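Engineer: 3D, please:
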Amino acid sequence: MVQSPHEAQRLERDAQRLEQPVAASAAQVAEFDQDRSLRHRVQHRLHMTPSLVPLFVVVASIAGFGLLVGPGFFSAFALTLILKQVAVTGIVGAAEALVILTAGIELSVGAIMVICSVIMGQFVFAYGLPAPVAVLGGLGIGALIGFINGTLVARAKLPPFIVTLGMWQIVLAANYLYSGNQTIGSDQIDARAPLLNFFGGQIQIGGAILTYGALTMIALVLLLAYVLRHTAWGRHVYAVGDDPDAAELAGVKVGRVLVSVYTLAGLICALAGWVLIGRVGAISPNSGQFENINAITATVIGGISLFGGRGSILGMMFGALIVGVFTLGLNMYGTDPQWTYLLIGLLIILAVAVDQWIRKVSA
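Structural biologist: Below is the predicted model:
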């Protein structure tokens with residue numbers, strides 16, 4: 001068929017109009033895919049390295065309070081004071097983090113810590129045992145309580161929340177009954193058992209003052225971070241928290257892993273009890289009873305998923321440091337202490353929301 005020049009031009013214009021929307025649509029799809037890919041990459045990076053978010057918050061909060069309070073907040077003394085204040089929370093948080101990585105919860109960590117410190121004191125001052133024996137006795141009792149918790153969860157198949165909530169109440173009552181609600185002062189400890197105050201010792205480097213308790217927290221977190229990432233036991237902990245049924249099919253002894261985690265958590269809490277004596281300078285049944293709340297707060301803000309199987313114990317330490325930075329910063333600024341609880345509460349909710357967003361990368 002022969003087309004006139006005018007008809008050929010009209011057909012060419014129509015074809016161009018049809019191609020324009022297609023080209024525009026293709027460009028929009030490519031842009032959407034690029035944006036989606038960027039979001040996916042961010043989610044994937046945070047999924048693989050969950051401690052990045054709390055680390056960023058620590059740095060940002062230190063910088064923010066430094067500008068708000070003044071250059072004194074950047075001093076070596078102030079920064080090491082934060083480490084000193086969060087030492088006990090960081091150690092108890094390490095125990096809590098191990099349990100939460102298995103998709104469990106440990107509500108009795110604070111009570112275990114306190115009763116172990118009381119046992120160490122009573123072994124020396126009530127029974128006349130040497131301080132090293134008293135320390136070993138406290139560590140053993142902490143591990144035993146953790147073993148009981150783990151056995152009830154793994155063998156009796158009881159919910160971790162119920163088991164540890166019940167153990168919290170039992171240990172609290174036993175703590176007061178056993179100690180007679182009596183406090184052992186620092187003078188008595190220094191005179192008869194200075195070993196109990198060991199973690200209150202300090203190392204001064206320039207303006208920085210580091211306590212043995214703070215150094216122990218850092219060393220413990222680094223050790224556990226290595227074990228969790230580079231040993232078979234650590235990989236089994238993550239596998240149990242992610243999907244216990246799949247882990248069982250893969251040959252992981254789920255029950256044995258759970259018992260070992262709760263037992264180790266109890267032992268770490270007993271260590272925290274020893275550090276608590278040095279931090280407070282006395283042995284009191286009323287010290288740190290609700291450290292479980294602080295430990296859970298540090299763990300959640302630190303990016304460890306409450307659903308288990310994801311998170312970094314380094315993130316937990318950063319979470320504890322965030323609480324310490326906010327507490328010291330607001331105190332130096334002269335605000336009402338209630339603002340600390342308000343901001344920490346908001347951070348907890350935000351941390352859970354971020355965790356939910358990051359978890360979509362594996363969906």
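Engineer: endpoints of stretch 304-322, how far apart?
Structural biologist: Across stretch 304-322, the terminal residues are separated by 14 Å (CA to CA, to the nearest Å).
Engineer: so how far is that stretch from its chain's centroid?
Structural biologist: Remark: stretch 304-322 is offset 4 Å from the chain centroid, using CA atoms, centre = their mean, to the nearest Å.
Engineer: so for it, what gets flagged as buried?
Structural biologist: 304-306, 308-322 (16 or more other CB atoms under 10 Å). Using the backbone N, CA and C atoms, a C-beta is placed for each residue, glycine as well.
Engineer: what average pLDDT does it get?
Structural biologist: The average of the pLDDT scores along stretch 304-322 is 90.
Engineer: what does stretch 144-161 give?
Structural biologist: Taken as a whole, stretch 144-161 has a mean pLDDT of 97.
Engineer: for that stretch, list the C-alpha coordinates in PDB.
Structural biologist: What follows is stretch 144-161 as a C-alpha-only set of coordinates in PDB (Å, rounded to 0.1, in the frame of the first residue of the first chain):
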ATOM      1  CA  LEU A 144      23.600 -23.700  90.000                       C
ATOM      2  CA  ILE A 145      20.700 -21.300  89.900                       C
ATOM      3  CA  GLY A 146      21.300 -20.800  86.200                       C
ATOM      4  CA  PHE A 147      21.400 -24.600  85.700                       C
ATOM      5  CA  ILE A 148      18.100 -25.000  87.400                       C
ATOM      6  CA  ASN A 149      16.500 -22.300  85.200                       C
ATOM      7  CA  GLY A 150      18.000 -23.900  82.000                       C
ATOM      8  CA  THR A 151      16.800 -27.400  83.000                       C
ATOM      9  CA  LEU A 152      13.300 -26.200  83.600                       C
ATOM     10  CA  VAL A 153      13.200 -24.400  80.300                       C
ATOM     11  CA  ALA A 154      15.000 -27.100  78.200                       C
ATOM     12  CA  ARG A 155      13.800 -30.300  79.800                       C
ATOM     13  CA  ALA A 156      10.500 -29.500  81.400                       C
ATOM     14  CA  LYS A 157       9.600 -27.200  78.400                       C
ATOM     15  CA  LEU A 158       8.400 -24.400  80.700                       C
ATOM     16  CA  PRO A 159       8.200 -20.900  79.300                       C
ATOM     17  CA  PRO A 160      11.400 -18.900  80.100                       C
ATOM     18  CA  PHE A 161       9.400 -15.900  81.200                       C
END
